[in-house]
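In: Can you look at this prediction? I've put the sequence above it.
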Amino acid sequence: MLFRLSSRLFWSAVTLLGTAVLTFLLVNAVPGDVARVIAGPKASADVIKAIHTKFHLDEPIWKRLGYHLNDLAHGDLGQSFVTEQPVAEAILTRLPTTAAVSALAIVMWMLLAVPLGVLTAKYSGSWFDRIVLVLSTLSLSLPAFWLARMLQYSLSYKLGWFPVAGFRGFSHLLLPAATLALLTVGYYARLVHSNMTEVLNSPYIRAARAKGASETAVLFKHGLRNAMIPVITVLGMDVAGLLGGVLFVENVFALPGIGTLAVQSVFNLDVPVIMGTVMFSAVIVVGANLVVDVLYRWIDPRIKSAA
Amino acid sequence: MPLLEIKNLQIEFGAGVRAVRAVDGVSLSLEAGKTLCLVGESGSGKSITALSIAKLVPSPPARYVGGEILLEGLDVLKMSSSELRDVRGGLVSYVFQEPGASLNPVFRVGAQIKESLQYHRPEAANDTEVIRLLKLVGISAPESRMRNYPHEMSGGMQQRVMIAMALASQPKLLVADEPTTALDVTIQAQIIELLSDLRLKLGMAVLFITHNLGILGDLADNVAVMYAGQIVERGTMREVLQRPIHPYTRSLIQSVPALDIEVERLTAIPGTVPLSGAFPSGCRFHPRCPIAQPACSSRMPDLADVPNGRAVRCPFWDSSGNARTTSRKA
Amino acid sequence: MISTRDFIAMIGTLLLATSLFAAEVPNNGGVLRLARAADMQSMDPAICYDMEALLLARLVFQGLVDFDENSKLFPKQAIDWNISTDRKTYTFHLRPGVRFANGREVEASDYVYSLQRIIDPKNQSPGESFFNGIAGAKDFQKGNTNIITGLRAPEKHTLEIELSEPDFAFEFKMAMTFACAVPKEAVEAEGNKFWLHGFGTGPYQLTKWTRGLKMQFVRSPQVNQQNEGYFDRVEVMIGGDRALHAMMLERDELDMVYLAQVPDIVRLSRDPRMKEVVHPLDQASTDFLYLNNELPPFNNLKVRQAVNHAIDKERLVKLTAHTAVAARGIIPPLMLGFNPEQKMLEYNPEKAKRLLREAGYPDGLSFALWYSEEDPRWGRIVVAIESDLREVGITAQLKKITMSAIMTALQTRKSVPCGYLGWSQDYPDPSNFLDVLFNGTRIQDFGGNNFAYYDNPTVNQLLAEADRISIPSERYHQYQQIEKIILQDAPVVPLVHSAVPVLISSRIGGLRLHPVWLMQLEQWWLANEPKK
């Protein structure tokens, strides 16, 4: 167990280092000059040069990579070229929005996917099951950006049910979260469905019925709890994967989260912020994997004692 | 009025031409406080018959095509789902073959017993009663055991928990569906003994499903032998064990090893139980029957009453010497 | 105590206000809701330079003089100013009683300090070049001295500025946002980030700025002008693109969208309920195609002229949904010194083909055209240019890059054959176009603004002369002559003078177009709830 954990930690560190180096090289391959972004189009050559010196932009790339990795190793994400705000602070200010919209999305899709998955497993093969299957496939194949734009245009702009964009309160989170939820609900409905189908055939379900448990208790107490074990594992992984969808959705709805920060930093050639958001995502992904590993043992009592 | 009376029960799987009759005209009766043993190889329909008593065979895919299942005179097949829930685990409790798989892996065993209490005796749904039930089935240190997860227990202990759970509602009928098959031999005997004790102590009727007559000893009052969805022989336990008259029963008894001797099971009967849907014409046992006549393949024999309150589905039962002589002696 | 001068100033301002808003009565209160696509880099008046940032910076910071609606200067937080006969010394008399938002009265020494910040190289102000003509500035920048001899505060309310050479445009430069007053104590306490809790002498103060998320301004306790600061708060949402902002404005979630996009303008203009929100704000700007005079094929005069004759400017205007007008010269119509009679190389494809043949390109030629879509209209315009050029046998290979990349490329000598870029005025003087963009003596290997690398000794000589003329009419005449020569030399193709299309909610009152600032948010108020 200890060996297993330390090996995992080792590979996590390797993953993070690889991400850092790769991102740094990619970002520096993009043409354009951040000094121009900072100083504006009419800035003089002297000002541009001063900025280059200030941010070591006149030094060779391997040297800059060295500085960067050294800072990272000391837990320093640096500060934005453009706003001079510490990158960690920029990420932390935006984290609550991203976390809120993600959490709301997870709640929405789970509230939708669980009953759908359970009922389609219960009434497997019925017209209801088939319609849900078609919709699930649809939901899986929708492009995030397109769906976000469509919902925004139709429900907010045309019908006025939700605010179009921006962030002034909870109501501004509803449609973005619903977009993320719609993109994911299909996958989870199928996942719950297949796990539930398997669980419903197990002897303990028959035993629960034989005890006199109501069909609701059989499905949601005895069945669901077992069917959810693999679902929670996947969900743990998806918390990290969710960041990808959040990026699109936040930008469409102009939500001040990490996704918009990432996109803005790319437009601004703001290398420290680009690196910061990428590294943040990488840490989340790696961290989520570790957490799932631990969580899985906790959810399923059988694994705990087997280990 | 018997506690349980099954009349001409017919259960099919699938529909139309491909419909398969897994239970075909089974009739049984069990008095309160008595024990009936339903014997047969796997696939004979005995488990389906047992499950159908609380209408536990899922429908679909199964269909209850005909017959009645009367529990204290009420037809289970006509009950509403809430009436059924009262019967399940209430009047009729079940103990299943694989205790490890039949206990829900994610709940503590105490909670699972308490759940049964909540359904049927909500006033007694407390730790004290759970502990009492665990003691009743012979589990030591029940106070700590009730906090275990099923996987933390041995098979025998799991089966004791299942029995405790079944007893929670103080049922009038306990259906034990091969409760010892998955357990090792010494544990088997302990469980049989436990069931036997509890039956006397609690005065409940037991329907015991097994493929192994030998393990029962004198547990059962009566026995019914099933083959390919039908009852082929019925009688008192002692009669049937000592003087089996259907050729299938005889082979079955011969094939059973004594408890302390290791012998490969059922090697004595050539061939295998036909799959439902692929039943031969005429008598369903005739391809494997040592005394089969040409007529056996054309006409299905009826279950006919014979002396001593017995019944047999074989017109030639008389011709098998041993059976006839012993029955004459009796 | 109110002095007589104060009283007169007050009456004057009141009269001005009454005459302007006779039909509308300003309201106090409410929230002005704005949006930006991306965060501002800084709120420091020494740093803010682009027009969209200045709109916000001018809520907070104000200076001694300002431009009126005719680009004429008037004293804003000064009483008056005079210029010495040698045109080297400017004396500004500050209006007493003008206070920073923290309550402290502004003194002449605050302006000495504020201007010194612009000149100080360590602040990297893009406005440095406008003020380094002040006497002693160069010495200060070299570190020889820590005071600038030409910046003096002889009295509490008297500011003296001495230049090393006469500069006709200097008083205009004093109206730029760079020359606004900043409170020394705040800068010294907070360093170059003082603006995060900053206050100037404007009607609002920045109270909250969550970087990349939002900004909040509240009305300053010291509103130093009469017709300003009506809203209780100004909130700026950061994020979302212009199209999104347009939708939000339509749903009454925003009050103003800067630089609205052509499809939104077209849609809203056709909607009878919404058409009044569309305001194409004219500005003194010209979009150019810069032809690199040092590189082939544009080192050939006839090729440059051919390109000028080949492009149909009226068609470009249609593609911008008429948010621009066809170029009528290098100097835009809103600029002082504009010549309505200036002759341009007219659209004439046949002539273009003939010139190409004469130039030795009978089979046409090919070059790369670099552009960015910083303004989305530019993308539409270059496509039209490409097709016009194809008509005369020229292949323009469109090369789209970012704004920052195109600036770097254009400022690197002999690297870009042809680039598209707009130029808008910093101050209303023709030198801001002709001298900055076309003076051959200003060509540098890196970092100059003579993007066409045009070097005509005659023009250089005439520009030097023009700089010394202080009588406006003569000065403008001289520049118009220079413009005429440049147009014939065709180092650039003047394409369009583009307006800034802005959407403004119908709930806003106090709208007045401004030739330099486009609009003055500090003078807006909440007029009425918008029609749904």
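Out: All right, it came through fine.
In: count of residues packed around residue 270?
Out: This is for chain A. By other Cβ atoms under 10 Å in any protein chain shown, 25 other residues sit near A:D270. Bear in mind the C-beta positions are built from the backbone N, C-alpha and C, glycine included.
In: wrong one, chain C
Out: By other Cβ under 10 Å, neighbour count at C:R270 equals 9.
In: With A:A181 instead?
Out: Using other Cβ under 10 Å, A:A181 has 22 other residues around it.
In: For it, give me its contacts.
Out: The contact partners of A:A181, taken as Cβ atoms under 8 Å, 6 or more residues apart in numbering or on different chains, are A:105-106, A:108-109, A:112.
In: Which ones among these also lie next to chain B?
Out: Residues of the contacts of A:A181 in contact with chain B (Cβ under 8 Å from any Cβ of the partner chain): none.
In: Need the residues that contact stretch B:302-320.
Out: So stretch B:302-320 is contacted by B:27, B:230-236, B:239-240, B:245-247, B:250, B:283, B:285, B:291, B:293, B:296, B:301, B:323-324, B:327, B:330 (Cβ under 8 Å, 6+ apart).
In: what's the answer for stretch C:507-520, then?
Out: Outside stretch C:507-520, the residues touching it (Cβ under 8 Å, 6+ apart) are C:20-21, C:24, C:26-27, C:32, C:51, C:54-55, C:58, C:67, C:69-71, C:175, C:227, C:230, C:252, C:255-256, C:279, C:281-284, C:334, C:425, C:427-428, C:500, C:502, C:504, C:523-530.
In: For chain A, what's its nearest residue on the stretch 101-250 of chain C.
Out: Per Cβ to the nearest Cβ, the residue of the stretch 101-250 of chain C with the smallest distance to chain A is C:G240, at 2.9 Å.
In: Surely that residue touches C:A37?
Out: Yes - counting by Cβ atoms under 8 Å, C:G240 touches C:A37, with 6.6 Å between them.
In: between the two, who's got more neighbours?
Out: Neighbour totals were compared for C:G240 and C:A37, and C:G240 leads with 26 against 17 (other Cβ under 10 Å).
In: Give me the buried entries from the contacts of stretch C:507-520.
Out: Using 16 or more other Cβ atoms under 10 Å in any protein chain shown as the burial test, the contacts of stretch C:507-520 include C:21, C:26, C:32, C:51, C:54-55, C:58, C:67, C:71, C:175, C:227, C:230, C:252, C:255-256, C:279, C:281-284, C:334, C:425, C:427-428, C:500, C:502, C:504, C:523-527, C:530 as buried.
In: Setting aside sequence neighbours, what's the nearest residue to the residue of the stretch 1-150 of chain B at minimum distance from chain C?
Out: With Cβ to the nearest Cβ as the measure, B:V106 is the residue of the stretch 1-150 of chain B nearest to chain C, at 43.1 Å. Nearest non-adjacent residue to B:V106, counting by Cβ to Cβ, 6 or more residues apart in numbering or on different chains: A:R225, 5.1 Å away.
In: Can you convert the contacts of A:A181 into JSON lines and add a column each for distance to A:P60 and pLDDT?
Out: Compiled in JSON lines, the contacts of A:A181 are given as follows (distance: Cβ to Cβ, whole Å; pLDDT from 0 to 100):
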{"residue": "A:A105", "distance to A:P60": "43", "pLDDT": "91"}
{"residue": "A:I106", "distance to A:P60": "45", "pLDDT": "90"}
{"residue": "A:M108", "distance to A:P60": "49", "pLDDT": "93"}
{"residue": "A:W109", "distance to A:P60": "48", "pLDDT": "89"}
{"residue": "A:L112", "distance to A:P60": "53", "pLDDT": "91"}
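In: among the residues you listed, which are in helices?
Out: Using DSSP state H, the members of the contacts of A:A181 that fall in helices are A:105-106, A:108-109, A:112.
In: The residue nearest to B:V106 against A:D300, yeah?
Out: No - A:R225 lies out of contact with A:D300 (Cβ under 8 Å); the separation is 10.2 Å.
In: list residues touching both of those two?
Out: B:V106.
In: quick one, which of the two is more surrounded?
Out: Taking neighbours as other Cβ under 10 Å, A:R225 and A:D300 compare with A:D300 leading, 19 against 15.
In: Could you report the pLDDT at the closest residue to that one other than its chain neighbours?
Out: In space, and not counting its chain neighbours, A:D300 is closest to A:I229: 5.0 Å by Cβ to Cβ, 6+ apart. Listed pLDDT for A:I229 reads 82.
In: mind checking the SS state of A:I229?
Out: Secondary structure assignment for A:I229 (DSSP: H, G, I helix; E, B strand; the rest coil): helix.
In: OK, contacts around it?
Out: Per Cβ under 8 Å, 6+ apart, neighbours of A:I229: A:195, A:296, A:299-300, B:106.
In: what does C:P501 give?
Out: C:P501 makes contact with C:259-262, C:265, C:278-281, C:321, C:323 under the criterion Cβ under 8 Å, 6+ apart.
In: Switch those residues over to CSV; also include pLDDT, distance to A:A181 and secondary structure.
Out: Shown next, in CSV, are the contacts of C:P501 (pLDDT from 0 to 100; distance: Cβ to Cβ, whole Å; DSSP: H, G, I helix; E, B strand; the rest coil):
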residue, pLDDT, distance to A:A181, secondary structure
C:L259, 88, 34, coil
C:A260, 90, 32, coil
C:Q261, 88, 30, coil
C:V262, 87, 34, helix
C:I265, 90, 35, helix
C:V278, 91, 37, strand
C:H279, 90, 39, strand
C:P280, 87, 41, strand
C:L281, 88, 42, strand
C:A321, 86, 38, coil
C:T323, 89, 40, coil
